[in-house]
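*Asks:* Predicted model follows, preceded by the sequence.
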Amino acid sequence: MVRALLAETHEHPDDTEAQVDLALSGEPTGMTEGITMVLMWTVSALQWCETHDEPTPGWLDTTAV
């Protein structure tokens with residue numbers, strides 16, 4: 001899921017789709033762990049921006065809406 005997020009961030013939709021397909025083809029436990037990790041990373045990034053008075057990057061701001 002992290003690779004899919006990075007591909008999407010760098011505007012590579014074909015790579016994003018491939019990474020999501022790969023993630024979905026795995027075991028359900030792995031998918032749950034992957035989604036949990038991405039959500040925790042996203043929340044941490046938003047909190048860091050807020051704590052350090054930094055603007056939220058456009059891609060993260062769009063993701064969080």
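*Replies:* Ah, there it is.
*Asks:* tell me the phi and psi of the residue of the chain most remote from its centre?
*Replies:* Most distant residue from the mean C-alpha position of the chain: residue 53, 21.7 Å away (CA atoms, centre = their mean). Dihedral pair for residue 53: phi 50, psi 40, per degrees, to the nearest 10.
*Asks:* Likewise for residue 26?
*Replies:* Dihedral angles (degrees, to the nearest 10) for residue 26: phi -90, psi -170.
*Asks:* That one - how many residues pack around it?
*Replies:* Number of residues near residue 26 (other CB atoms under 10 Å) recorded here: 11. C-beta: built from backbone N, CA, C; applies to glycine.
*Asks:* now the strands for this structure?
*Replies:* All residues of the chain lie outside strands when identified by DSSP state E.
*Asks:* Point out where it drops to low pLDDT.
*Replies:* Low-confidence segments of the chain, defined by pLDDT under 70: 1, 61-65.
*Asks:* Can you list the residue ranges for helices in it?
*Replies:* All helices of the chain, identified by DSSP state H, fall at 2-9, 13-24, 28-51, 58-64.
*Asks:* Could you check the angle the first one makes with helix 13-24?
*Replies:* In other words, helix 2-9. 160 degrees (axes from the mean of the first three to the mean of the last three CA atoms, to 10 degrees).
*Asks:* which strands and helices sit next to helix 2-9?
*Replies:* helix 13-24, helix 28-51 (3 or more CB pairs under 8 Å, 6 or more residues apart in numbering; DSSP states H and E).
*Asks:* Next, the angle helix 28-51 makes with the first one.
*Replies:* Counting by the same axes, to 10 degrees, helix 13-24 lies at 130 degrees to helix 28-51.
*Asks:* list the helices and strands helix 13-24 packs on?
*Replies:* Contact here means 3+ CB pairs under 8 Å, 6+ apart; on that basis helix 13-24 packs against helix 2-9, helix 28-51.
*Asks:* If we use 6 Å, what do you get?
*Replies:* Under the contact definition 3 or more CB pairs under 6 Å, 6 or more residues apart in numbering; DSSP states H and E, helix 13-24 sits against helix 2-9.
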